[in-house]
Every structure is written in C-alpha cells, then in structure tokens.
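**Q** for reference, the sequence and a predicted model appear below.
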Amino acid sequence: MKKMFTPSMLLQRFGVFSFFFGILATAVTMYDFSDKNIYLMVSIGFIVGGVQTMIIGAAFQSMQQHPKQEKVREDVLDNMNPSQV
C-alpha cells in the first residue's frame, strides 16, 4: 500500500531534518562559544526552528479530517437505536 505524504507530514519531516542539521552545525561551530560567533547562533536557530516546525506539523496533522473518520461516524449513527440518538 502506497503511503500518502500530506503537507503536515512533510512539515514534520522538515522539522526533524532542521533539528538534526542544527545539532550537527552546533557541534561543528562550538569551538568559539560566544554571541559573536554567527555560525553558532544560526545553528542554534536551526534547532529552535526545527522544534517549532515539528510542533506545528503535528498540530496540523491532528486537526486534519480523515475520510475514514466520516465513514465511521455514519456507520455508528446508522447502527444506533432511535432512542439513543
């Protein structure tokens, strides 16, 4: 079965990639730990931005309406007794 890539799933994957890139770049540029080291500051920004992107992607994915949920709701309503509705 082919897996469908939704934009929110791709957003999460981009966040994970940015996070790990930021960790790698931080490890490489840690030699001069100061606020004047622009490369270190950018790599920390990748870490923070990656985490935020992952959170936003997860939020978007949880808010999406899946077609299977609609079918389940219809089946549940069809099988309920009129007194339960």
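**A** Arrived safely, thanks for sending.
**Q** pull out the buried positions in the longest helix seen in the chain.
**A** The single longest helix within the chain, with elements called by DSSP state H, is helix 38-63. By neighbour count with 16 or more other CB atoms under 10 Å, helix 38-63 contains the buried residues Leu40, Ser43, Ile44, Phe46, Ile47, Gly50, Thr53, Met54, Gly57. (C-beta placed from N, C-alpha, C; glycine too.)
**Q** so for those residues, which is the shakiest by pLDDT?
**A** pLDDT across the buried residues of helix 38-63 is lowest for Gly57, at 88.
**Q** so where is this structure shaky, pLDDT-wise?
**A** Low-confidence regions of the chain, defined here as pLDDT under 70, cover residues 1-5, 65-85.
**Q** how does it look with 90?
**A** Segments of the chain classed as low confidence (criterion: pLDDT under 90) are 1-12, 30-35, 57-85.
**Q** on that earlier part again, can you add distance to Thr29 and give the buried residues of helix 38-63 back as CSV?
**A** What follows is these, written out as CSV (distance: CB to CB, whole Å):
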residue, distance to Thr29
Leu40, 5
Ser43, 6
Ile44, 9
Phe46, 11
Ile47, 12
Gly50, 16
Thr53, 21
Met54, 22
Gly57, 27
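**Q** which of the residues you listed lies closest to Thr26?
**A** Out of those, the one with the shortest distance to Thr26 is Ser43. That distance is 4.4 Å, counting by CB to CB.
**Q** show me what counts as buried in the helix or strand containing Leu24.
**A** Take DSSP states H and E as the rule and Leu24 turns out to sit in helix 7-28. Of the residues in helix 7-28, Ser8, Met9, Leu11, Gln12, Gly15, Ser18, Phe19, Gly22, Ala25, Thr26 count as buried by neighbour count, 16+ other CB under 10 Å.
**Q** and for the third one, nearest residue in space, chain neighbours not counted?
**A** In this case it means Leu11. Using CB to CB, 6 or more residues apart in numbering and skipping the chain neighbours, the partner closest in space to Leu11 is Gly57 (3.5 Å).
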